[in-house]
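Colleague: could you work out the structure for the sequence below:
(chains A and B, ligands or ions: 2)
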Amino acid sequence: MDAAEQQLAELAQVGYEAGFVSNIESETVPPGLDESVIRYISARKNEPEFMLEWRLQAYQKWLEMEEPDWAHLQYTPIDYQSISYFSAPKSAADAPKSLDEVDPELLRVYAKLGIPLEEQKLLAGVAVDAVFDSVSVATTFRKQLAEAGVIFCSISEAMREHPELIKKYLGTVVPQTDNYFAALNAAVFTDGTFVYIPENTRCPMELSTYFRINERNTGQFERTLIIADKGSYVSYLEGCTAPQRDENQLHAAVVELIALEDAYIKYSTVQNWYPGDENGKGGIYNFVTKRGVCAGDRARISWTQVETGSAITWKYPSCVLKGDDSIGEFYSVAVTRGAQQADTGTKMFHIGKNTTSTIVSKGISADRGQNAYRGLVRMNKGAENGRNHTQCDSLLIGDKCGAHTFPYIEVANPTAKVEHEATTSKIGEDQLFYCRQRGLSEEDAVSMIVNGFCKEVFNELPMEFAVEARKLLAISLEGAVG
Amino acid sequence: MLSIKDLQASINGKEILKGLSLEMGAGEVHAIMGPNGSGKSTLSKVLAGREEYEVTSGTVTYQGVNLLELSPEERAHQGIFMAFQYPVELPGVNNTYFMQASLNAIRKARGEPELNSLNFMKLVRTKLKALEMDESLLKRAVNTGFSGGEMKRNEILQMTLLEPRLSILDETDSGLDIDALRMVSMGVNSLRSPERSMLVITHYQRLLDYIQPDYVHVLSGGRIIRSGDKSLALELEEKGYGWLQEEAAA
Ligand SMILES: Nc1ncnc2c1ncn2[C@@H]1O[C@H](COP(=O)(O)OP(=O)(O)OP(=O)(O)O)[C@@H](O)[C@H]1O
Ligand SMILES: [Mg+2]
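Modeller: Numbering: from 1, shown residues only, chains lettered A, B, ... in the order given. Ligands and ions are numbered 1, 2, ... in the order given. Sure, this is the predicted structure:
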């Protein structure tokens, strides 16, 4: 019995006393959070000792923190003691047995997106044990990546296989105590992705969570850490366009990006969590902390996101521009309809000289959707010749929805320049009529106009992702007009 | 082709068309002239199906069907095309993409195969050349930042692509320079055939030198107050509308 197993055995004992389900097969911790749960998670994951300490520290801090409350989001309070913090490999017992048992509405959307049947089952959570094509595809990919020296694995694996990198970088961009949800994540995260691109290496393919085979269920407390060493490049795709259901209502992920000298990280997200029914019931709360640091000179980090899902979205992918001449970019499309609420934006911290940031935010609201853009641009004292350009556009469909813009600008260096432009427009009857006169249905007209509105952001997405994002947008806005 | 009987239409409770009747046969070109605010654009929008306008009485029969029951897109599928007096900007929507989507939507509705991008590009290039338009307009967003003349030519480009049965041109000649006017007229004339009809709204007799109409109508106060052949246009050019309006009032 090695040390970890020993620890596990001891914990299982503690766990039993604390009310753990003793049936090892189900591997589920009863709801509630205390230190023993964190010890259990860390042991289950075979983590090095320093990780456990790190988690416990985060937990202690979390206990002292207060849940934030925002002016533009409204939701029923989350009961943190009712969440089960470890429920790896989900038991197949409660899962739908076949697609016949899945919400037909969900299946209709899958079909429209052109998702293959096997993949549909996976997304809908149908219990499957067949081996997928994608698994072998992924294996081939892994081989190619290994040849390039790229590390791409689950974060749990990285903690075991590359503890030195974890120790050096984890929590350096998003500290444990950054905010309430980040602290909770640090204490209990069970899943996530780790990427390391060696010096002067261009990652030979776009990396996607899709191909991260070993841990497919993304779980509610995900943690991603991407390190691009000097002169390297990587494009990472997160999420998928198919609506994902999850019995976990709260999702509190953390993403940390580190770009060293001359490195470039391009991070693209398409988020389509279940938004709930028309009143938002059953929808996901998506509270995410994403931040990247341009640690070296001439480093560049680019966030592109398309957000159409979730009942509530709260996220501000940010860039810390430390290196001189480093570049931060944020391109975002956020759609809210029904009772959806989104409060997103970005923060650009200019620290180094000649740093540049670009923000393009496109908010689309329909029905009773509420969309808020919140952006901070800070030019520190040393940010000589810092430049920011912000373009913040809102598109309203109907008259019950809303768009709100909150730009915060702090400039401590007189040579820095910050520009902010904001527009709000409505899809005009004239535009719709023009399209319909040319034979397009009202729905196609709306989707065409909306896609036109989002063009600058979609241009930033990798090709196939952009095509999917377009389709997704069209589906999300079905029936929004008329 | 088109039969309008005693058409009355209003917007926001204000009556604009007050009993308008017009018969158009297949292959015919009808010109409509008339003072500003007389209801010319209103007529074209009612024919194209703009829902803001309320038809309070009268009938419109197009190729034997009740036109007023069809949605704007159904009318387009049935071959009705309207060149807008004020074309609408669609920011970010690529012009070529828009035209291809439009053509394919119409083809699909008719059970014809859709054109792929390659074949569509070939087609649109030929039409573009014929109108002596700049290729760069294909890459831009629909009507966005187009000059007045470019917008009008773009409308005609769409018309020649869609080859409509009934074209309604609402002041397509306004704001065109002399060369553009000739181009646009050529585009329109190239579509003339025994199956196609055209309703050409204009303020200027000059256009009618290029596009020779079979009939000229004068629309005033929401009614057709005089119909004639193209000599009527010449007469109007000389005398204005006053004498006709006096006659009509008498
Ligand atoms: N939305 C509206 N609300 C109120 N009145 C309107 C509206 N739209 C049009 N009208 C009125 O209807 C009348 C007819 O307008 P229309 O655009 O059909 O004229 P027109 O004959 O095309 O004029 P022009 O030669 O200037 O283009 C005008 O008096 C105009 O002000
Ligand atoms: Mg008019």
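Colleague: what about residue 64, neighbour count?
Modeller: No chain in the question, so chain A it is. Using other C-beta atoms under 10 Å in any protein chain shown, A:Glu64 is surrounded by 8 other residues. C-beta: built from backbone N, CA, C; applies to glycine.
Colleague: wait, chain B was what I had in mind.
Modeller: Counted by other C-beta under 10 Å, the residues lying close to B:Gly64 total 7.
Colleague: next: A:Ala158.
Modeller: By other C-beta under 10 Å, 21 other residues sit near A:Ala158.
Colleague: three-state assignment of it?
Modeller: At A:Ala158 the chain is in helix, as set by DSSP: H, G, I helix; E, B strand; the rest coil.
Colleague: what about the closest residue in space to it that isn't next to it in sequence, which helix or strand?
Modeller: Of all residues not flanking A:Ala158 in the chain, A:Phe194 sits nearest, at 3.6 Å (C-beta to C-beta, 6 or more residues apart in numbering or on different chains). Element membership for A:Phe194 (DSSP states H and E) is strand A:193-197.
Colleague: who touches that strand?
Modeller: Here strand A:193-197 makes contact (C-beta atoms under 8 Å, 6 or more residues apart in numbering or on different chains) with A:150-155, A:157-158, A:162, A:165-166, A:203, A:207, A:209, A:212, A:222, A:224-229, A:232-234, A:236, A:263.
Colleague: buried subset of these?
Modeller: Buried subset of the contacts of strand A:193-197 (neighbour count, 16 or more other C-beta atoms under 10 Å in any protein chain shown): A:150-155, A:157-158, A:165-166, A:203, A:207, A:209, A:212, A:222, A:224-229, A:232-234, A:236, A:263.
Colleague: next one: the residue nearest to A:Ala158 from A:Arg223, what distance?
Modeller: A:Phe194 is 9 Å from A:Arg223, where distance means C-beta to C-beta, to the nearest Å.
Colleague: can you pull out the helices in chain B?
Modeller: Per DSSP state H, chain B has helices spanning B:40-48, B:72-77, B:95-109, B:117-130, B:136-139, B:148-162, B:178-191, B:205-210, B:231-239, B:242-249. These are given in chain order.
Colleague: now do the shared contacts for A:Phe194 and A:Arg223.
Modeller: Joint contacts of A:Phe194 and A:Arg223 (C-beta under 8 Å, 6+ apart) are A:Ile155.
Colleague: which residues are in contact with the residue in chain B positioned nearest to chain A?
Modeller: Nearest to chain A in chain B, going by C-beta to the nearest C-beta, is B:Gly92, at a distance of 3.0 Å. By C-beta under 8 Å, 6+ apart, the contact list for B:Gly92 reads A:Asn451, A:Gly452, A:Phe453, A:Cys454, A:Lys455, A:Glu456, B:Ala141, B:Thr144.
Colleague: just these: which are in strands?
Modeller: Per DSSP state E, strands hold no members of these.
Colleague: tell me the buried residues within these.
Modeller: Using 16+ other C-beta under 10 Å as the burial test, those include A:Asn451, A:Gly452, A:Phe453, A:Cys454, A:Lys455, B:Ala141 as buried.
Colleague: so where's the chain uncertain?
Modeller: By default, I'm working from chain A. Within chain A, the stretches with pLDDT under 70 are A:1-28, A:70-73, A:87-97, A:99, A:101-140, A:209-219, A:240-248, A:274-282, A:481-482.
Colleague: think we crossed wires, I meant chain B
Modeller: Ranges of chain B meeting pLDDT under 70: B:250.
Colleague: and the contacts of stretch A:415-428?
Modeller: The contact list for stretch A:415-428 (C-beta under 8 Å, 6+ apart) reads A:350, A:377, A:379, A:383-397, A:403, A:405, A:407, A:409, A:411, A:446, A:449-450, A:481, B:88.
Colleague: can you rerun that using 7 Å?
Modeller: By C-beta atoms under 7 Å, 6 or more residues apart in numbering or on different chains, the residues outside stretch A:415-428 that reach it are A:350, A:377, A:379, A:383-397, A:403, A:405, A:407, A:409, A:411, A:446, A:449, A:481.
Colleague: which among those residues end up buried?
Modeller: Buried among the contacts of stretch A:415-428 by 16+ other C-beta under 10 Å: A:350, A:377, A:379, A:383-388, A:390-397, A:403, A:405, A:407, A:411, A:446, A:449, A:481.
Colleague: contacts only, for the residue nearest to B:Glu237 when sequence neighbours are not counted.
Modeller: In space, B:Glu237 comes closest to B:Gln205 once its chain neighbours are excluded; the distance is 4.2 Å by C-beta to C-beta, 6+ apart. With contact set as C-beta under 7 Å, 6+ apart, B:Gln205 has these partners: B:Ala233, B:Leu234, B:Glu237.
Colleague: name the member of these that has the highest neighbour count.
Modeller: Greatest neighbour count in these, by other C-beta under 10 Å, goes to B:Ala233: 22 neighbours.
Colleague: do I have it right that that residue meets B:Val218?
Modeller: No: when contacts are counted by C-beta atoms under 7 Å, B:Ala233 is not listed as touching B:Val218 (9.4 Å).
Colleague: residues of chain B that sit close to ligand 2?
Modeller: Residues of chain B lying close to ligand 2 by C-beta under 5 Å from the ion are B:Lys40, B:Ser41, B:Gln85.
Colleague: what residue in chain A comes nearest to ligand 2?
Modeller: When scored by C-beta to the ion, chain A has A:Asp430 as its residue closest to ligand 2, at 14.1 Å.
Colleague: so what's residue 52 closest to, chain neighbours aside?
Modeller: Since no chain was named, I'll use chain A. Nearest to A:Leu52 is A:Ser42, by C-beta to C-beta, 6+ apart, at 4.2 Å.
Colleague: that's the other chain; I wanted chain B
Modeller: Leaving aside its chain neighbours, B:Glu52 sits nearest to B:Ile11 (5.9 Å; criterion: C-beta to C-beta, 6+ apart).
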